[in-house]
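**Student:** starting from these lines, generate the structure:
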Amino acid sequence: MKAKGSVIYKATAVLCMSALVFTGCSSAEDETHSIAIVRESMENEYDLTRCETRDVIKTESISCTYSQLLQEDLAFPVGEKTVAFVYVNEGDEVKPGDLVAKLDVASLEQENIDMREQIEKNNLLISQADEMIEYYEKKIETPGLSLSSKENYLSKLQKLREKRRTYSDENDFNEIKLSANEQQIQAGSLYASIEGNVSFIKKGLEGNTSNAGETVITILNASVCGFQAMDRNAVEYIKVGDRVQVVTNQTGDVYDSTVTSVDKDSLKIIFELDQPDFSIKVGTRGTVTVVRGEADGVLSLPKTCVFEAEDFWFVYVLTDEGVREMRKVTIGLVGNDYIEITGGVSESDSVILRKS
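**Tutor:** Numbers count the residues shown, from 1 in each chain. Below is the predicted model of the structure:
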């Protein structure tokens, strides 16, 4: 809506005050004061609008990229150990459970072999000690046993019990050590947990020292792809299970998708296609538009004519007298293009949209 405020007001008022001249008064005593007042409005052209009932929508756009989703990064959980074997090369196919790399844990494995043999030996000695302990305990209970014989049996019984305790304590220690070694041996072996191809192996991995937590081998399954986004804000409102549409930037193709992962630590969001399309090239860029708020059938004004002050919102209205007047308003939803108006102006008010 456009209106021209072309009304021109011109007013000229001249007030002359002169001292009355009486007989005998000189011209130096004459005082004349002249005040000229001119009021003129400049020609102004405004774009005007009014509150209208409409739907107000607020959306957010998320940029994403088509990527391979099923990926496994393998890392040794322990450091400062030599990588003894790498069993795969880049491009090799692997299946779940395949051993792909191993640390040098030969000394631990040999130590475990020795400890197991010692445990078996100690168990035999404990069994023998138990038999002798039982034998001497019965001897001590024999009727008519002399005091010297009883003391001899008691001495032997005490020594046997001490030996048994030594064997048992050694076995307990070895069992704890075995468990710790087994954990290190297990940690020193990397196994694939997905089916795919080896896409990355750290350069010079075999023969070098491991760093705990460092990715040394990556496995990708190219058959599982989707769009990924890295968005600090979106991870706060996108939820797993949300249904969205991905629109490719170059071709405008639309893909119905579902949010399958939201990781607030890595800021990564994954949108998997409901119907896989293997013709999409990895690296294709897309956009997801998410509705953050909707207000149906509400009074609204374009965002371009509503202004925000420190603690209130306002618009400019054109009065019937052609005067621009600031008017405080209360608002609801701030949409993409329109703002919901809940008070301050009515549908009959002419709101200034732009001053040209």
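**Student:** buried ones in stretch 157-169, by neighbour count?
**Tutor:** For stretch 157-169, the neighbour count (16 or more other C-beta atoms under 10 Å) marks 157, 160, 163-164, 167 as buried. Quick note: C-beta positions are derived from backbone N, CA and C, even for glycine.
**Student:** what of stretch 234-249?
**Tutor:** Within stretch 234-249, the residues scored as buried using 16+ other C-beta under 10 Å are 234-235, 238, 242, 244, 246, 248.
**Student:** okay, the residues you listed in a markdown table with pLDDT next?
**Tutor:** Formatted as a markdown table, those follow (pLDDT from 0 to 100):
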| residue | pLDDT |
| --- | --- |
| 234 | 95 |
| 235 | 95 |
| 238 | 95 |
| 242 | 95 |
| 244 | 96 |
| 246 | 97 |
| 248 | 96 |
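**Student:** in this structure, which helix or strand is least confident?
**Tutor:** strand 13-18 (a mean of 31; mean pLDDT, DSSP states H and E).
**Student:** and residue 353, how far from residue 305?
**Tutor:** 5 Å (C-beta to C-beta, to the nearest Å).
**Student:** before we move on, what about residue 266?
**Tutor:** 42 Å.
**Student:** next: residue 240.
**Tutor:** According to C-beta to C-beta, residue 240 and residue 305 sit 40 Å apart.
**Student:** one more: residue 119?
**Tutor:** 86 Å.
**Student:** residue 75 too?
**Tutor:** For residue 75 relative to residue 305 (C-beta to C-beta), the value is 57 Å.
**Student:** if you count what's nearby, which of the two comes out ahead?
**Tutor:** Neighbours per residue (other C-beta atoms under 10 Å) separate residue 75 from residue 305, with residue 305 holding more: 17 against 14.
**Student:** for that one, what are its contacts?
**Tutor:** 49, 315-316, 351-354 (C-beta atoms under 8 Å, 6 or more residues apart in numbering).
**Student:** please redo it, this time with the cut-off set to 6 Å
**Tutor:** By C-beta atoms under 6 Å, 6 or more residues apart in numbering, residue 305 lies in contact with 315, 351, 353.
**Student:** quick one: which of these sit in strands?
**Tutor:** Counting by DSSP state E, those place 315, 351, 353 in strands.
**Student:** which SSE is the nearest residue to the last one once chain neighbours are set aside in?
**Tutor:** The shortest distance from residue 353 to any residue that is not its chain neighbour, by C-beta to C-beta, 6 or more residues apart in numbering, is 4.0 Å, and that residue is residue 47. Take DSSP states H and E as the rule and residue 47 turns out to sit in strand 44-49.
**Student:** mind giving me the packing neighbours of the helix or strand just after that strand?
**Tutor:** For strand 44-49, the succeeding helix or strand toward the C-terminus, using DSSP H and E, is strand 52-75. Packing contacts for strand 52-75, counted by 3 or more C-beta pairs under 6 Å, 6 or more residues apart in numbering; DSSP states H and E, involve strand 215-230, strand 285-302.
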